[in-house]
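Visitor: This is the structure alone, sequence omitted:
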């Protein structure tokens, strides 16, 4: 499951840069209409969502590399060590990676699990907020285009 990091880690920054390029470069915003501005804002919000998700992926990748690192200090898993709760970390048998929301989850001997807190808490809400803003702006641009088409058909 952690192998998806190899695909997502290079893909998210590329997506962020491509959307930022579209948002900044495609339209001249001074002379553009409302539809073009909304598409640009949607692209920029999508770029911000991909950038924030990339930050979370980097933190997750560092936690996975730390967990996979062997050696004298590798048991219990370093990312699963919670300050003030050494007995919890002593029962850890493994881990898993979750991508929505981004989490490094430690699995214990009694069948329970807990999030290790390897990914900053602001990553999920920020990425979701930017993604939602992107979708709303893209839908508004589509509605504006439909309105413009209907006005053009009614005038003709």
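Guide: Yes, it's here. Only a predicted model underlies this, so the values are computations on that prediction, with no experimental measurement involved.

Visitor: Please count neighbours and contacts with C-alpha atoms only from this point.
Guide: OK.

Visitor: which residue is nearest the middle of this protein?
Guide: residue 53 (2.4 Å; CA atoms, centre = their mean).

Visitor: Kindly provide the whole-number mean pLDDT of the helix or strand harbouring residue 60.
Guide: Element membership of residue 60, judged by DSSP states H and E, is helix 34-68. Mean pLDDT, helix 34-68: 92.

Visitor: Need the contact partners of the following helix or strand past it.
Guide: Per DSSP H and E, the first helix or strand lying C-terminal to helix 34-68 is helix 86-90. Applying CA atoms under 8 Å, 6 or more residues apart in numbering, the contact partners of helix 86-90 are 76-77, 80-82, 108.

Visitor: For helix 86-90, buried residues please.
Guide: Across helix 86-90, burial judged by 16 or more other CA atoms under 10 Å covers 88-89.

Visitor: can you give me the offset of it from its chain's centre?
Guide: On the basis of CA atoms, centre = their mean, to the nearest Å, helix 86-90 sits 30 Å off its chain's mean C-alpha point.

Visitor: cool, stretch 129-144 as well?
Guide: Stretch 129-144 has its C-alpha centroid displaced from the chain centroid by 17 Å (CA atoms, centre = their mean).

Visitor: go on, stretch 102-110?
Guide: 20 Å.

Visitor: which residues are in contact with that stretch?
Guide: Here stretch 102-110 makes contact (CA under 8 Å, 6+ apart) with 56-57, 60, 63-64, 80, 88, 91-98, 113-119, 124.

Visitor: Quick check: next helix or strand after the worst-scoring helix or strand of the chain on mean pLDDT?
Guide: Using mean pLDDT, DSSP states H and E, helix 86-90 stands out as the lowest-scoring helix or strand of the chain, at a mean of 73. Sequence order places strand 92-99 as the next helix or strand after helix 86-90, per DSSP H and E.

Visitor: Return the set of buried residues in that next one.
Guide: By neighbour count on 16+ other CA under 10 Å, the buried set for strand 92-99 is 92-93, 95, 97, 99.
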